[in-house]
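# Below are the sequence and a predicted model for it; my questions follow.
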Amino acid sequence: TSANAGQLQKYINSRWDAVQQIYETEHKGASAYYREVLAGCRKVCAVDIGWAGSGAVSLAALVRDVWHIPCEVFGLIAGTNTVYNAEPDAAEAFLQTEKLKSYMYSADHNRDLMKKHNPNKDYNVYWELLLASPTRTFSGFSYDKSTGRWGLEFGGYDQNIDGVADIQAGILDFVNDYCTHFDGFPYMLNISGRNAYAPMLIAASHEEAYLKQVANRFHLETGIN
């Protein structure tokens, strides 16, 4: 709680050597994986839905400062934290230095959307559902010290995997129809972040009535292991 958060932080910091030891094997697996993936790359872009951009920023720090891989990592996210978050400006320094780019909204880009997007009403969860895949969740890296081989570990599936597959099929159908219709007009593929967010504005109207129906049908769950 807010009352004992300081004590918890001090305890974790005092035991940081133990924390690092626990994650040592996974850390070596991640290092081996990214050394292979980034081999020969000078600049790469890590794409994520959001919201603070911590994934790309953390990866950039590991690549640069810990693994010393000669590659620069930038981040592209769909949307940033909003005014409803405890740390709404967490990504600002990275946005200003262009280490991080936000497609749909940020404090200085489509700011009204940033004020509209409300994680307390599960907007984040609905976007995650929209961009989910019918695959198991990624849970970490493995590493065999004797062979030096790394591996990827996965957890469970979403509860409504068929529904997720239907959403993905619908997205691909729309993309195919759109590209077929505007074949020969490449400028029609320049879709703004505001236009990308527009369907959510409609879905979230009337006090999120439509989104609540989606939640009932899909049995939304977070933190799947």
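Yep, that arrived.

# Give me the buried positions along the lengthiest helix in the chain.
Ranked by residue count and defined by DSSP state H, the top helix of the chain is helix 161-181. By neighbour count with 16 or more other C-beta atoms under 10 Å, helix 161-181 contains the buried residues Gly163, Val164, Ile167. For glycine as for every other residue, the C-beta is placed from the backbone atoms N, C-alpha and C.

# Pull the number of nearby residues for the nearest residue to the first one once chain neighbours are set aside.
Same thing as Gly163. Among residues not flanking Gly163 along the chain, Phe218 sits closest, at 5.2 Å (C-beta to C-beta, 6 or more residues apart in numbering). Neighbour count for Phe218, taken as other C-beta atoms under 10 Å: 18.

# what sits against Ala39?
By C-beta atoms under 8 Å, 6 or more residues apart in numbering, no residues touch Ala39.

# what helix or strand is it on?
Element membership for Ala39 (DSSP states H and E) is empty, with no helix or strand holding it.

# And it, how far from Phe185?
38 Å (C-beta to C-beta, to the nearest Å).

# How about Ile49?
On the measure of C-beta to C-beta, Ile49 and Phe185 end up 28 Å apart.

# same question, Tyr123
32 Å.

# Arg64: what's it in contact with?
Glu72, Val73 are the contacts of Arg64 under C-beta under 8 Å, 6+ apart.

# Shouldn't it be within a strand?
No. Assignment of Arg64 by DSSP: H, G, I helix; E, B strand; the rest coil gives helix, placing it outside any strand.

# hang on, the earlier thing: what packs against the longest helix of the chain?
Helix 161-181 sits against helix 123-130, with contacts defined as 3 or more C-beta pairs under 8 Å, 6 or more residues apart in numbering; DSSP states H and E.

# Taking helix 161-181 as reference, get the angle to the helix it packs on.
On the basis of axes from the mean of the first three to the mean of the last three C-alpha atoms, to 10 degrees, helix 123-130 is oriented at 80 degrees to helix 161-181.

# Pull out the buried residues from helix 123-130.
The neighbour-count check on helix 123-130 (16+ other C-beta under 10 Å) flags Tyr123, Asn124, Val125, Tyr126, Trp127, Glu128, Leu129, Leu130 as buried.

# residues touching the second one, list them.
The neighbourhood of Asn124, defined by C-beta under 8 Å, 6+ apart, consists of Gly50, Trp51.

# Swap in 7 Å and give it another go.
Shown in contact with Asn124 (C-beta atoms under 7 Å, 6 or more residues apart in numbering): Trp51.

# Quick check, pLDDT for it.
On pLDDT, Asn124 comes in at 92.

# Ranking helices and strands of this protein by mean pLDDT, which lands last?
helix 205-218 (a mean of 87; mean pLDDT, DSSP states H and E).
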